[in-house]
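K.L.:
here you go, sequence then predicted model.
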Amino acid sequence: MKTRKILLNVDLVIQSLLLFLAIASALGTMISKGAVGIILGYALLVLGGWQLGSGVIIGLMLSDRKRAEYVFWSIAYLCTIGVLGNLNPVSNGEMNMVLAFIFIAAIPLCIAYWYLKLTKNTIKKIETAIEIPGEMKGILDSDEIFKPIEE
């Protein structure tokens, strides 16, 4: 249990740093009107890759159904974006930039934040599972275990 908690804490720190970097680069991209968009692309690529890897590894380690669904829907979203990107039905360049920012940056950042919260909640669940109430501590070392059950 402690190893899982340590892995989740490392995962949480790395996710937090990558999410901060992605949000900062998204703001930089909006301020520069797309001039530094490549940094945002790399930040989202690294963040998404990390979270997908985390979803697979921790999902398998904890047999977590929510993480399995996250991985499935993330891959489905990536496939959808790939198909829609190839269709490109709108010819207005400014409209394309707004839609691209929404679908390629804003929605993935929201999903990344949701996954970060999921990781935090998983850590809390593991911490409560590890905690032993005060009256139960040392019960195996005491004579209480050998007392007959009173009815």
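P.N.:
Everything's here; your move.

K.L.:
ok, M97 - contacts?
P.N.:
Residues near M97 by CB atoms under 8 Å, 6 or more residues apart in numbering: G34. From N, CA and C alone the C-beta is placed, and that goes for glycine too.

K.L.:
now do it against T29, distance only.
P.N.:
Distance of M97 to T29, given as CB to CB, to the nearest Å: 10 Å.

K.L.:
just I102 next, same as before
P.N.:
I102 is 13 Å from T29, by CB to CB.

K.L.:
ok, those two, which is more surrounded?
P.N.:
Between I102 and T29, T29 has the larger neighbour count (other CB atoms under 10 Å), namely 20 against 10.

K.L.:
mean confidence for the helix or strand hosting the more buried one?
P.N.:
Assigned by DSSP states H and E, T29 falls within helix 2-31. Helix 2-31 comes out with an average pLDDT of 92.

K.L.:
buried sites along it?
P.N.:
Neighbour-count burial for helix 2-31 flags 4, 8, 11-12, 15, 18-19, 21-23, 25-26, 29 (criterion: 16 or more other CB atoms under 10 Å).

K.L.:
tell me the one of these nearest Y42?
P.N.:
Taking CB to CB as the measure, Y42 sits nearest to S25 out of the buried residues of helix 2-31, at 8.1 Å.

K.L.:
now for the closest one: which residues touch it?
P.N.:
By CB under 8 Å, 6+ apart, the neighbours of S25 are V36, I39, L40, A43.
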